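S.K.: heads up, no residue letters with this:
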Ligand code: ADP
Ligand code: ZN
């Protein structure tokens with residue numbers, strides 16, 4: 001029978017990249033070839049936006065009148081873009097993310113397809129796809145199959161496979177000490193996925209620190225390896241989109257074109273067709289969380305959503321897993337697999353605490369370095385070893401103070417002191433882009449008597465160079481890394497042994513694998529312990545463990561010296577036992593800190609949503625905070641365990657805006673999703689709510 005020709009109009013619900021009213025209905029003219037996923041252009045309040053069709057509707061399905069009885073005038077879709085449609089799996093991911101992170105689907109769309117790309121995508125990079133296909137076909141799993149897993153690795157690998165087979169969709173956490181061969185296991189699993197013709201997503205917290213990994217993967221996967229991150233050119237991003245879109249559209253060729261995407265969190269939103277495996281390396285890393293702008297998502301949890309949509313295997317790995325993941329293993333939501341020893345068999349590094357208070361009293365300090373530390377550095381270097389000196393602050397000194405009038409220069413936009421950077425003679429704010437030339441003259445009293453208080457990496461480098469003049473010392477922090485050339489040169493020189501001591505920030509704690517690295521010194525450890533934040537101890541533990549993991553990579557035992565004025569702090573006091581492989585599946589310090597979290601009602605024992613309110617006018621800010629309190633305590637159906645706030649965060653003014661926060665803590669039960677939606681609704685009812693942000697699972 002001929003299909004009946006209807007003269008009924010069709011409508012399309014369109015996802016728009018905006019915060020409110022994310023999905024709007026438009027007339028879909030019959031001459032447009034469009035369906036769910038089509039990329040379109042529409043008019044909203046006089047402005048043209050790119051959009052994506054999420055649903056096609058008949059006339060009966062769209063209301064003719066508003067709830068208060070006014071006739072609705074629907075506009076027409078302006079045009080359909082000649083771009084590959086969004087896949088159903090992508091749309092489902094956007095919806096899951098929006099629901100979980102309390103934002104609009106349009107905000108997820110915007111993150112997945114930044115405006116810049118639309119133009120670039122339209123440029124047909126067919127050649128590069130053809131080139132890819134030619135090269136990809138040459139990839140031979142057998143030839144590249146070079147890894148021979150050790151006995152313990154083989155056992156871990158089989159447990160992982162066992163879990164995938166019995167409970168597909170259940171994430172596996174691989175807790176393996178640094179150097180235990182987690183990467184080798186990832187590679188083995190990725191090869192298998194490619195052989196099945198399924199894509200692999202291999203997530204890393206930052207690409208910059210994954211250079212070594214990148215070249216290792218390149219050897220195994222050749223052209224099949226695609227690297228994706230936000231700092232790439234639009235053309236390269238478009239190429240990767242096209243390859244994956246081709247792959248999704250041609251499932252029959254999957255075995256010849258499946259890829260391994262090595263990427264940062266934004267690669268979660270790539271157009272994967274047939275995804276077989278998702279790996280989240282260093283799953284504890286806080287770079288996985290996006291805090292600004294929405295969606296404020298965590299890549300680990302989003303990766304789990306993605307794997308569920310694709311029915312793909314998912315593996316999380318870390319030497320120091322997040323407490324959330326540890327908790328999920330205890331509750332049975334995740335499966336735990338462990339690797340307790342290094343492949344090269346090195347012992348756990350020796351940890352020693354140096355009490356700086358005592359050292360000052362006994363005059364054993366030279367500037368910021370204890371005599372003991374200086375001796376150890378000298379001895380290590382004389383023995384042919386290399387040293388990392390860690391300090392969590394860049395700059396020369398975090399504070400400068402006028403000795404005449406006591407004035408301390410502050411940022412005009414943020415409530416923070418300006419840091420003095422000696423190498424370019426500036427005062428800088430690390431929270432906004434404010435920079436001023438350092439004249440040395442106090443603007444308050446006109447004298448030139450500034451005193452440098454505290455020491456950042458730059459000053460430590462200078463002090464060390466004076467103390468150990470025969471040793472070659474360099475610095476590695478964001479100031480150095482602002483020049484790509486200087487950054488790469490520094491790393492190469494350290495690799496080649498031209499630099500013996502490297503002074504650096506967090507940037508040195510991750511991913512480095514240097515054979516001759518024998519000693520890690522942690523300066524002013526109290527500054528990582530003393531932070532007012534419920535995750536401070538967890539973060540300190542992870543950071544210190546990562547630093548410990550840098551040493552002793554090749555058979556020998558390394559050493560970690562920690563200078564601190566809080567030698568009895570539980571994290572330091574128990575760090576030694578923490579990394580010794582024991583029989584219990586939960587490291588003792590983690591167990592201890594988790595009990596504290598439970599007692600004081602913090603994540604992961606409750607689900608937390610942080611409400612952040614920002615305003616230039618402090619009066620308005622207080623009004624908004626009042627409205628939040630009133631709304632949340634006034635709504636009977638909204639059930640939470642605790643509402644704390646408003647309180648001022650440590651930095652209570654940033655970029656000209658005053659900041660206040662609340663925490664809402666929900667029970668982790670069946671009503672959670674409904675309660676979160678209610679919270680979102682309550683905030684939506686507050687006048688001026690553009691100034692309010694909801695951050696689910698804040699870090
Ligand atoms: P992790 O990812 O757990 O830190 P890696 O996978 O980087 O550990 O392994 C540490 C080092 O040991 C690397 O240099 C790696 O090449 C080597 N290694 C690990 N497992 C094997 C193996 N099965 N065969 C050969 N080398 C291995
Ligand atoms: Zn500032």
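M.R.: Ah, there it is. The structure displayed is predicted, hence computed values, not measured ones. Ligands and ions are numbered 1, 2, ... in the order given.

S.K.: Packing partners of whichever strand in the chain runs longest?
M.R.: In the chain, taking DSSP state E as the definition, the longest strand is strand 47-58. When contacts are defined as 3 or more Cβ pairs under 8 Å, 6 or more residues apart in numbering; DSSP states H and E, strand 47-58 sits against strand 10-15, strand 23-28, strand 39-44. Backbone N, C-alpha and C define where each C-beta goes, glycine included.

S.K.: mind showing which ranges of the stretch 101-250 of the chain have poor pLDDT?
M.R.: By pLDDT under 70, the weakly predicted segments of the stretch 101-250 of the chain are 115-126, 141-146.

S.K.: which stretches of it form helices?
M.R.: All helices of the stretch 101-250 of the chain, identified by DSSP state H, counting those that start in this stretch, fall at 105-112, 115-122, 126-138, 151-166, 182-195, 211-221, 234-249.

S.K.: Kindly report the same for the stretch 501-650 of the chain.
M.R.: For the stretch 501-650 of the chain, the helices defined by DSSP H, counting those that start in this stretch occupy 526-529, 536-550, 570-573, 575-578, 588-599, 618-634.

S.K.: Indicate which one of these is closest to ligand 2.
M.R.: Judged by Cβ to the ion, the one of these that comes nearest to ligand 2 is helix 618-634, at 17.0 Å.

S.K.: do you know how far the nearest residue to residue 650 once chain neighbours are set aside is from ligand 1?
M.R.: In space, and not counting its chain neighbours, residue 650 is closest to residue 532: 5.9 Å by Cβ to Cβ, 6 or more residues apart in numbering. For residue 532, the distance to ligand 1 (Cβ to the nearest ligand atom, to the nearest Å) stands at 32 Å.

S.K.: what number of residues lie near residue 532?
M.R.: Counted with other Cβ atoms under 10 Å, residues neighbouring residue 532 total 8.

S.K.: didn't it look like it was pressed against residue 651?
M.R.: No - in this structure, residue 532 is not within contact of residue 651 by Cβ atoms under 8 Å, at 11.1 Å.

S.K.: so what's in contact with the two at the same time?
M.R.: Jointly contacting residue 532 and residue 651 under the rule Cβ atoms under 8 Å, 6 or more residues apart in numbering is no residue at all.

S.K.: Could you list the low-confidence segments of this protein?
M.R.: In the chain (pLDDT under 70), the answer is 1-7, 21-22, 115-126, 141-146, 346, 511, 553-555, 578-584.

S.K.: Close to ligand 2: what parts of it are there?
M.R.: Applying Cβ under 5 Å from the ion, we find that the chain lies next to ligand 2 at 411, 413, 414, 429, 431, 432, 434.

S.K.: Please name the nearest non-neighbouring residue to the fourth one.
M.R.: In this structure, residue 429 finds its nearest non-sequential neighbour in residue 411, 3.8 Å apart by Cβ to Cβ, 6+ apart.

S.K.: follow-up on the earlier one: with mean neighbour count added, can I get the helices and strands packed on strand 47-58 in CSV?
M.R.: Shown next, in CSV, are these (neighbours: other Cβ atoms under 10 Å):
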stretch, mean neighbour count
strand 10-15, 23
strand 23-28, 19
strand 39-44, 18
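
S.K.: In TSV, list these along with distance to residue 663.
M.R.: Converted to TSV, those look like this (distance: least, Cβ to Cβ, whole Å):
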stretch	distance to residue 663
strand 10-15	31
strand 23-28	30
strand 39-44	35
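
S.K.: Minimum distance to residue 454: which of those has it?
M.R.: Residue 454 lies closest, by Cβ to Cβ, to one member of the helices and strands packed on strand 47-58: strand 10-15, at 48.9 Å.

S.K.: Just name whatever secondary elements the closest one is in contact with.
M.R.: Helices and strands touching strand 10-15, by 3+ Cβ pairs under 8 Å, 6+ apart, are strand 23-28, strand 39-44, strand 47-58, helix 105-112.
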